[in-house]
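Undergrad: dropping the sequence and predicted coords here.
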Amino acid sequence: MEGFLTRLRALPTRIWFAPAVLIAVGLVLGEALVALDSSRLPEQLPAWLTGLLFASGPTGASAMVTTVGTAVFGVAGTAFSITISVIATASSTYGPRLVRNFMADRGNQIVLGMFGATFTYCLMVLRRIRTGDDDIGVEAFVPQLAVNFTLLLAVVDVALLIYFIHHIATSIEVSTLTGATRRDLARAIDRLYPREHPELSTSKTHVPLNQRFEVRATESGFIAQLYPASLRSAAMDCSSPVVVLVRPGDHILTGTPLAVFDPVAAEDPDGLARRVRDAFEIGPARTPEQDIRFCLSRLIEIGVRAMSPGTNDPYTAVNAVHELTTALCDLITRPEPRPGRLPDSSATAPVLVLPQVSRAELVRQAFDELRPWVASAPSVVSAMTDLGDAVRRCGDDAIVAEVDRQLDALTESVGSADLATLDRERLLERLAEVRAS
């Protein structure tokens, strides 16, 4: 159930979700307005309103609806082509992991969905226009309300096309990409590092195990999701604590141990092993829902690709480091996540232990992945020094010790880099100042 609810909540981020909903609305709206036209409602409209409505015979109404539908269908094809082109450009320039941003962009979804919905609506209305001169004995019928609503949709679609051109152009700006990626990271931090510890969580990790039974993976891939509520429920139902050995984002092979439990204490060892295995979702790629390291690496990748020899864009790298500073400073003001889950408020030993990603580990990841690429770019080194200074000022002892190690390594890299003497002296002086503060 937990996995089903997680997938259900993820549906709005799929690129097809909003277009599918809008196309369904277009289908229903087309039939509903035609039904209203078939009733006596149009006759009850005030005279001033009916005077504003477009009135035409079957031939004119059919031609107008056909024109709108055909034009919108052509524009929709162009919009899809532009979207795919922008996705390909962003993927090759800033990294394939950013494709998810464009796929989940609600503005793109709504624009593409409205074009598809308008075309579908026109089909629904066009099929109900009758000329009265055919051989099936049906009287002439023109759904005036539905035809006039087609004109309104055409005006809305023109406005959406203008918006789409502006939106798609701004979406590939560096500041927009880095800002959106940082906001994704901020949302992951809110989910995984709350400012208050969850109820029934504990920092204790020791659980008594008479024997260790390993639950092993039956396929290879990445840990895309794991469901703590399902694991805790399984451990409580079977009377054995469960210790998880892997974290979301880890790459595993068939046969890799996922978790261990006590087969002596468990009332149904086989059933517990099956429920534990079902609580892990293994996929072909990492996902940002529970994998904070993946969310962080997406922002880091923008800076790394900007510093590649083929791009050599230190300004983009500096922008990425600034966004990284904002995210990490928010992260380290939050408490470390607690790995243990208690069965109830009176218990002292956890029934479930989940390995966590420490804040110091994320700080180390940010520096380790960026440092090899930036030593020869003074502006980026300066930004990373400011990053270390900001994190060092608001971090605890473990984070300060990690930052000091990273600044020592950055000092070594700058000392051996191919830099002008003046640049090297300034950078080393700034690094020494931060380490001494």
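TA: Received it, and whenever you're ready, just let me know what you need.
Undergrad: which strands or helices does the longest helix belonging to the chain pack on?
TA: The longest helix of the chain (DSSP state H) is helix 58-94. For helix 58-94, the packing partners by 3 or more CB pairs under 8 Å, 6 or more residues apart in numbering; DSSP states H and E come out as helix 99-103, helix 106-126, helix 144-170, helix 292-306. Just so you know, the C-beta spots here come from the backbone N, C-alpha and C atoms, and that holds for glycine as well.
Undergrad: find the residue closest to A417 in space, skipping its chain neighbours.
TA: Ranked by CB to CB, 6 or more residues apart in numbering and with sequence neighbours excluded, the top spatial neighbour of A417 is A375, at 4.0 Å.
Undergrad: ok so, going back, need the helices and strands packed on helix 58-94 in CSV with mean pLDDT and mean neighbour count, can you?
TA: Shown next, in CSV, are the helices and strands packed on helix 58-94 (pLDDT from 0 to 100; neighbours: other CB atoms under 10 Å):
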stretch, mean pLDDT, mean neighbour count
helix 99-103, 76, 17
helix 106-126, 91, 22
helix 144-170, 89, 17
helix 292-306, 92, 23
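Undergrad: identify whichever of these lies nearest to A409.
TA: Taking CB to CB, helix 292-306 is the member of these nearest to A409, at 16.0 Å.
Undergrad: show me how this structure divides into domains.
TA: Split into domains by automatic domain parsing, the chain comes to 2-172, 201-283, 293-335+357-436.
Undergrad: give me the mean pLDDT for the second one.
TA: Yep, that's domain 201-283 we're talking about. Confidence for domain 201-283, expressed as mean pLDDT, is 92.
Undergrad: where does R195 land in three-state SS?
TA: Per DSSP: H, G, I helix; E, B strand; the rest coil, the local secondary structure of R195 is coil.
Undergrad: which one of the domains of the chain lies closest to Y193?
TA: domain 293-335+357-436 (4.4 Å).
Undergrad: what ranges do the strands span in the stretch 201-350 of the chain?
TA: Taking DSSP state E, counting those that start in this stretch, the strands of the stretch 201-350 of the chain run over residues 201-202, 213-216, 221-226, 242-244, 251-252, 257-261, 280-283, 340-341.
Undergrad: CA atoms of the second one as PDB?
TA: As requested, the backbone C-alpha atoms of strand 213-216 are provided in PDB (Å, rounded to 0.1, in the frame of the first residue of the first chain):
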ATOM      1  CA  PHE A 213      19.200 -13.900   8.500                       C
ATOM      2  CA  GLU A 214      20.100 -11.900   5.400                       C
ATOM      3  CA  VAL A 215      17.400 -10.800   3.000                       C
ATOM      4  CA  ARG A 216      19.000 -10.700  -0.400                       C
END
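Undergrad: any chance of the strands of the stretch 201-350 of the chain in CSV with mean neighbour count and distance to E323 as columns?
TA: Listed next are those as CSV, based on neighbours: other CB atoms under 10 Å; distance: least, CB to CB, whole Å:
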stretch, mean neighbour count, distance to E323
strand 201-202, 18, 30
strand 213-216, 16, 39
strand 221-226, 20, 25
strand 242-244, 24, 31
strand 251-252, 16, 27
strand 257-261, 23, 34
strand 280-283, 19, 27
strand 340-341, 23, 33
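Undergrad: reformat those as TSV; add distance to L160.
TA: Supplementary listing: the strands of the stretch 201-350 of the chain in TSV, determined by distance: least, CB to CB, whole Å:
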stretch	distance to L160
strand 201-202	46
strand 213-216	51
strand 221-226	34
strand 242-244	47
strand 251-252	42
strand 257-261	47
strand 280-283	34
strand 340-341	47
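Undergrad: how about the ones you listed, which one is nearest I82?
TA: With CB to CB as the measure, strand 280-283 is the member of the strands of the stretch 201-350 of the chain nearest I82 (29.5 Å).
Undergrad: helices or strands up against that closest one?
TA: strand 221-226.
Undergrad: can we see that at 10 Å?
TA: helix 2-10, strand 221-226, strand 251-252, strand 257-261 (3 or more CB pairs under 10 Å, 6 or more residues apart in numbering; DSSP states H and E).
Undergrad: need the next SSE after the first one, C-terminal direction.
TA: Using DSSP states H and E, the helix or strand that follows helix 2-10 towards the C-terminus is helix 17-38.
Undergrad: next one: that following helix to chain centre, how far?
TA: 29 Å (CA atoms, centre = their mean, to the nearest Å).
Undergrad: ok, stretch 84-93 next?
TA: 17 Å.
Undergrad: repeat for stretch 380-387
TA: That offset, for stretch 380-387, works out to 27 Å (CA atoms, centre = their mean).
Undergrad: what's the average pLDDT for it?
TA: Rounded mean pLDDT across stretch 380-387 is 95.
Undergrad: what comes up buried for it?
TA: Burial within stretch 380-387, assessed by neighbour count using 16 or more other CB atoms under 10 Å, is assigned to V380, V381, S382, A383, M384, T385, D386, L387.
Undergrad: out of those residues, list just those in helices.
TA: Counting by DSSP H, those contribute V380, V381, S382, A383, M384, T385, D386, L387 to helices.
Undergrad: how about R182: what's its closest non-neighbour residue?
TA: R182 sits nearest to E323 (CB to CB, 6+ apart), 4.0 Å away.
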